[in-house]
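>>> got a predicted structure here, sequence first:
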Amino acid sequence: MDRDRAERILALARAIPEGFVTTYGDLSPGAPRLAGTVLAAAPDGSVPWHRVVRADGSLAQGERQRRLLEGEGVPFVTSGVAGRRPRVEMEIAHIPREALIDAR
DNA sequence: CGGATGACGCAGT
DNA sequence: TACTGCGCCATCC
């Protein structure tokens, strides 16, 4: 049953467990931008968009996203230096694509 | 219908 | 680590 790309992306995103994150690249290998486009179009509440971060752990939705993630206990690495953006500790909170497919 | 655009990723500098 | 350039692909104009 080949669902179109958008549906596959949403299905994987919905499989991300609370407290963990995955990346745009995991949701859509080869066309990561598409993942962002799809999440942006998805109706609010239909998908945990805040659990999707960039490959390096940085956030695409700034402060709003940071709050939601910290609320779920996602670990962050912030350098003490001011001016630097917070990044998720990928080594600990990142769920790889394969794991999402299994849990699917 | 060609070109610009984006919630990206990666290699090179 | 930061910045740049280029590839990706569905949408918009």
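Structure's in. What do you need?

>>> C-alpha only now, for contacts and for neighbours.
Will do.

>>> how about the residues of chain A near DNA strand B?
Contact residues, chain A versus DNA strand B (CA under 7 Å from any atom of the strand): A:23-26, A:31-37, A:39-42, A:49-50, A:52-56, A:60-61.

>>> ok so A:Arg85 is a strand residue?
No: using DSSP: H, G, I helix; E, B strand; the rest coil, the secondary structure at A:Arg85 is coil, not a strand.

>>> surely it meets A:Thr78?
Yes: A:Arg85 sits in contact with A:Thr78 when judged by CA atoms under 8 Å, with a separation of 7.1 Å.

>>> shaky segments in chain A?
Along chain A, segments meeting pLDDT under 70 span A:1-2, A:80, A:83.

>>> all helices of it, in order?
A:5-13, A:24-27, A:32-41, A:62-71, A:90-93, A:97-102 (DSSP state H).

>>> on that earlier part again, intersect the residues of chain A next to DNA strand B with the contacts of DNA strand C.
Checking the residues of chain A next to DNA strand B against DNA strand C (CA under 7 Å from any atom of the strand), the matches are A:Ala31, A:Pro32, A:Arg33, A:Leu34.

>>> tell me the phi and psi of the first one?
Reported as degrees, to the nearest 10, the phi and psi values for A:Ala31 are phi -150, psi 60.

>>> thank you, goodbye.
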